[in-house]
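Enquirer: I would like to see how this sequence folds:
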Amino acid sequence: MKLITQASGVGLFEDGSRLLVVNRGTSGFYYVRFILALLTLILGANGLGLLFRALSESTESATTGLVLIGIAVGTGIGMRAVNWLIKDYHREMPTVQDAALIFDLENQTLLDDAQTVVAPLNEVTLVRRFQLRSRFRKLVAETDGGRSFLVLRINPVARGIGTIEKEIRQRTSIS
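Expert: Numbering: from 1, shown residues only. Okay, here's the model as predicted:
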């Protein structure tokens, strides 16, 4: 199995003549990493500002500045730990049973997570839809029969859906 691309905690894998869409379950980690990065920057900048102020004005804000810098270092270490966790999740190769959606290129069919045939690929379209309570879109595979299957929810702090959508369109006959 070979990783083609990944975005927002979802990976697109090639397994012989099949394309597998696998939710890697890491989208929550992207939010945690983003929040820790913000905290690191904000606390570190404020701590440095207080230190410089204490040096120039001889105020007692140096202790507060050092405490803020210490907390910023701690959140930076936490952010690095989350990065390692994300990389560990991405190192594990999924199996066919992990796939949420399968594009069978040999038989030109779309399969669901139970590996049952849903529709021929010539009856499937990829559509971007709005998500509830979000300004970001999701990518959905729709059949002519009206059934729809979630391919990817956009995670605003990770990557968008462009790379996965592009690869699926290039490798299949889906419009």
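
Enquirer: Name the next helix or strand downstream of the helix or strand hosting A72, please.
Expert: Here A72, judged by DSSP states H and E, is contained in helix 62-91. Downstream of helix 62-91, the first helix or strand assigned by DSSP H and E is strand 99-104.

Enquirer: Could you identify the helix or strand that succeeds that next one?
Expert: Strand 99-104 is succeeded, C-terminally, by strand 109-111 (DSSP H and E).

Enquirer: partners of that next one in the sheet?
Expert: strand 99-104 (antiparallel), strand 117-120 (antiparallel) (DSSP bridges).

Enquirer: okay, the lowest-mean-pLDDT helix or strand in the chain in PDB with CA atoms only?
Expert: When the helices and strands of the chain are scored by mean pLDDT, DSSP states H and E, strand 148-153 comes last with a mean of 79. The C-alpha trace of strand 148-153 is given here as PDB (Å, rounded to 0.1, in the frame of the first residue of the first chain):
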ATOM      1  CA  SER A 148     -23.700  10.500  -0.800                       C
ATOM      2  CA  PHE A 149     -20.600   9.500   1.000                       C
ATOM      3  CA  LEU A 150     -18.200  11.700   2.900                       C
ATOM      4  CA  VAL A 151     -14.700  11.700   1.500                       C
ATOM      5  CA  LEU A 152     -13.200  14.500   3.500                       C
ATOM      6  CA  ARG A 153     -14.200  17.200   6.000                       C
END
